[in-house]
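A.B. asks: next comes the sequence, and after it the predicted model I'd like to discuss.
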Amino acid sequence: MSEVVQPASLALAVSRPKTAPFDWRRAVPLLLAAPLLIYMLVFYALPVVAMLLRSVNDPTWTLANYATLFDDVVFQKTFWITLNTSVIVTLGCLILGYPVAMGLVRSKTMAPFILVIILLPFWTSVLVRSYAWMVLLGRHGLVNEALMALGMIDRPIRILNTTLATQIAMIHILLPYMILPIANALRQIDPSLIRAASGLGSTPFMTFRQVILPLSMSGVAAGTLLTFVLALGFYITPAMVGGPRDITLSMLIAQQVDQLNWAYAATLSAILLATALAILAVARKLPGVGNAFRTSMR
Amino acid sequence: MRLAQILPGTVVGLILFFLAFPIVVVAIASFSSATYLTFPPPAFGLRWYEAYFSNPDWLKPTWVSIWVASAVVVLATFLGTLAALGIARLPRGLRIFAAGLILSPLIVPGIVVAIGIYYAYSRYGLVGTPIAMVLAHTCLAVPFVVTSVTASLSGIDPRLEQAALSLGATPGATFFQVTLPLIQPGVLVGALFAFITSFDELIVALFISGTGAVTLPRRMWDDLRFQIDPTIAAVSTLTIVLTAALMGAAHLLRKRAEQNRMATSSAAP
């Protein structure tokens, strides 16, 4: 008999009632995982849950905080701005990301170069990238200077601290999250399918429409959902480059915490978290997306 | 016909320009000799790097960040590697719970994590201490360690461990002489990710770094509220170079480990 306990038999062994004498080796996996699980519960999960509970137990158990959101103009406007920004940014990433993913997968000579250009901003912190857009879009920034030099405008226009600035910077920051899952899906397409299509007289455009695009949809779905979920939670970028009226849900939450309005902040947090989790729950159900999701998270 | 050949390359080129250009501009602007931020710089110089390296208001947060990130590396790599070794062999229900708990910081919006941590830590007087930063950042860094080590564990041929055990090695010896060397690249990649995660983190730092544990991103954020000082361009360039070097190292390590894995698995069919 094998000395090594296989995972499957181990699972069975644990669920079986304890008739055999206790074998300490069965407990080893749990003992290994326990320190981290306890750590995460104490320093992360319980704090977040305790904070979220303020939305229903402040001052007594009630759902009143959620009920008032239906008449809460500030919340509704903020929620709408957050959704709207996330949709626009996700669409922008999709339009810009798909061609780059194609280039990354199809080009043999340029691929390492393209990968470095995608990864360099990906590895740079959100703060630094948002700062870069402050430099570019400012009153005397490069974009204004260039537009004036081209004679398109007479004097500097306001780009920084507008909705447009938030959208541009967020597309820039989230683009790699769109490109990498799509490139993953494209890479898995059997090249003989593409050869077969063109061998049968299909034009490159028809091959793209009827072979490549349908087969890459799992990557497109994964990238779209991932980008959208991340966009929903954005805080630093809209706060730095956005307009004074572009308050995202995250910014509203931070404001409420500053005013020690914990019940309201917790209610908004629960809404934001529930929205993100709902989208991810849908994502897991789509065929192929769960897989693409897992690879892109690494 | 010729347009159809040139167009895709041009479009991809323009998008790549959009991706890379902002970073390049910050790097170039940091070498400006001007007293205010302007692009292109009138002349080049190192004055903003001198300003950074001679100002304790910048150097102190830098050391706090390095200290916190180093402690996070030790804690996250230790806890994360142990857990990765155990999780795959947990019973199914517990395994799903553990994976969900450990990976959730990747999904839960940053602001929710940050104010939850602030809410709880402030009750125990932890806000404004480097310890609190280490405790909080470790939670954010752990998912990267666990995924990285799990990936390298799943690439190990189970027969190697079985062989060691059946040849009489104790489980401990098998772990230290067979398993650990095989997963070492994964552990190292996880450690690098853990460092960067902590070093770059801002949202949690905004709430719990207080005045006693101001990190570098927090210092940059505070500065940007008042001015776009070119010193920040210099600091940004330094952090870009540091993160690119560490992440590049992690990327190469992972690629090499993958190649090794393929070589060993094809050698033993």
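C.D. replies: Looks like it arrived, so ask away.
A.B. asks: show me the helices in the stretch 51-200 of chain A, by range?
C.D. replies: Remark: helices assigned in the stretch 51-200 of chain A by DSSP state H, counting those that start in this stretch are A:64-67, A:73-106, A:111-123, A:126-137, A:142-149, A:163-187, A:191-199.
A.B. asks: would TSV of those helices with mean neighbour count, mean pLDDT and distance to residue A:222 be doable?
C.D. replies: C-beta here means a position set from N, CA and C on the backbone, and glycine is covered the same way. Below are the helices of the stretch 51-200 of chain A laid out as TSV (neighbours: other Cβ atoms under 10 Å in any protein chain shown; pLDDT from 0 to 100; distance: least, Cβ to Cβ, whole Å):
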stretch	mean neighbour count	mean pLDDT	distance to residue A:222
helix A:64-67	14	89	31
helix A:73-106	19	95	12
helix A:111-123	18	90	16
helix A:126-137	24	93	21
helix A:142-149	16	88	32
helix A:163-187	24	95	4
helix A:191-199	12	87	21
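A.B. asks: for residue B:190, find the nearest of those.
C.D. replies: helix A:111-123 (15.7 Å; Cβ to Cβ).
A.B. asks: which residues sit against that closest one?
C.D. replies: Helix A:111-123 is contacted by residues A:100, A:103-105, A:107, A:129, A:172-173, A:175-176, A:179-180, B:12, B:16, B:19-20, B:22-23, B:196, B:240, B:243-244, B:247, B:251 when judged by Cβ atoms under 8 Å, 6 or more residues apart in numbering or on different chains.
A.B. asks: can you check stretch A:89-106 too?
C.D. replies: A:110-111, A:114-115, A:118, A:167, A:170-171, A:174-175, A:177-180, A:182-183, A:186-187, A:212, A:216, A:219-220, A:223-224, A:227-228, A:231, B:8-9, B:11-12, B:15-16, B:18-19.
A.B. asks: 6 Å instead, please
C.D. replies: Contacting residues not belonging to stretch A:89-106 are listed as A:111, A:114, A:167, A:170-171, A:174-175, A:178-179, A:182-183, A:186-187, A:224, A:227-228, A:231, B:11-12, B:15 [Cβ atoms under 6 Å, 6 or more residues apart in numbering or on different chains].
A.B. asks: right, and residue A:243 touches residue A:161 too?
C.D. replies: Yes. Residue A:243 lies in contact with residue A:161 (Cβ atoms under 6 Å); the separation is 5.3 Å.
A.B. asks: neighbour count winner among these two?
C.D. replies: residue A:161 (18 against 15; other Cβ atoms under 10 Å in any protein chain shown).
A.B. asks: pLDDT score for residue B:10?
C.D. replies: Here the pLDDT value assigned to residue B:10 is 91.
A.B. asks: kindly apply the preceding question to residue A:225 instead.
C.D. replies: 93.
A.B. asks: look up phi and psi at the residue in the stretch 101-250 of chain A that chain B sits nearest to.
C.D. replies: Across the stretch 101-250 of chain A, no residue is closer to chain B than residue A:233, which sits at 3.0 Å (Cβ to the nearest Cβ). Dihedral angles of residue A:233 (phi, psi; degrees, to the nearest 10) stand at phi -90, psi 10.
A.B. asks: now it. Nearest residue, chain neighbours left out?
C.D. replies: residue B:109 (3.0 Å; Cβ to Cβ, 6 or more residues apart in numbering or on different chains).
A.B. asks: number of residues surrounding that neighbour?
C.D. replies: Neighbours of residue B:109 (other Cβ under 10 Å): 22.
A.B. asks: please verify my assumption that it contacts residue A:270.
C.D. replies: No. Using Cβ under 6 Å, residue B:109 makes no contact with residue A:270, being 11.2 Å away.
A.B. asks: list residues touching both of these two?
C.D. replies: By Cβ under 6 Å, 6+ apart, no residue touches both residue B:109 and residue A:270.
A.B. asks: can you pull the contacts of residue A:231?
C.D. replies: A:86, A:89.
A.B. asks: gap between it and residue A:81?
C.D. replies: Separation of residue A:231 from residue A:81 (Cβ to Cβ, to the nearest Å) stands at 12 Å.
A.B. asks: same check, this time on residue B:88
C.D. replies: For residue B:88, the distance to residue A:81 - Cβ to Cβ - is 43 Å.
A.B. asks: the host helix or strand of residue B:232: which residues count as buried?
C.D. replies: Element membership for residue B:232 (DSSP states H and E) is helix B:230-267. Under the neighbour-count criterion of 16 or more other Cβ atoms under 10 Å in any protein chain shown, helix B:230-267 has B:230-240, B:242-244, B:246-247, B:250-251, B:253-254, B:257, B:261 buried.
A.B. asks: repeat that for stretch B:205-212.
C.D. replies: Buried, per 16+ other Cβ under 10 Å, within stretch B:205-212: B:205, B:206, B:207, B:208, B:209, B:210.
A.B. asks: tell me which residues touch the fourth one, please.
C.D. replies: Spelled out, it's residue B:208. Residue B:208 neighbours (Cβ under 6 Å, 6+ apart): B:118, B:121, B:127, B:132.
A.B. asks: sec struct for residue B:226, please.
C.D. replies: coil (DSSP: H, G, I helix; E, B strand; the rest coil).
A.B. asks: do residue B:34 as well
C.D. replies: coil.
A.B. asks: from memory residue B:148 sits against residue B:189, does it?
C.D. replies: Yes. At 4.7 Å, residue B:148 and residue B:189 qualify as touching, with contact defined as Cβ under 6 Å.
A.B. asks: so for these two, which sits in the more crowded spot?
C.D. replies: Taking neighbours as other Cβ under 10 Å, residue B:148 and residue B:189 compare with residue B:148 leading, 30 against 26.
A.B. asks: so what's residue B:154 closest to, chain neighbours aside?
C.D. replies: With Cβ to Cβ, 6+ apart, the residue lying closest to residue B:154 is residue B:88, at 7.6 Å.
A.B. asks: quick one on the thing from earlier: out of the helices of the stretch 51-200 of chain A, which gets nearest to residue A:264?
C.D. replies: It is, among the helices of the stretch 51-200 of chain A and with distance given as Cβ to Cβ, helix A:64-67, at 6.9 Å.
A.B. asks: what about the closest residue to residue B:48 other than its chain neighbours, distance to chain A?
C.D. replies: Leaving aside its chain neighbours, residue B:48 sits nearest to residue B:234 (4.0 Å; criterion: Cβ to Cβ, 6+ apart). If you measure residue B:234 against chain A using Cβ to the nearest Cβ, to the nearest Å, the figure is 12 Å.
A.B. asks: what's near enough to touch residue B:234?
C.D. replies: Residue B:234 neighbours (Cβ under 6 Å, 6+ apart): B:30, B:48, B:49, B:52.
A.B. asks: isn't the first one right up against residue B:231?
C.D. replies: No. At 8.8 Å, residue B:30 and residue B:231 do not qualify as touching, with contact defined as Cβ under 6 Å.
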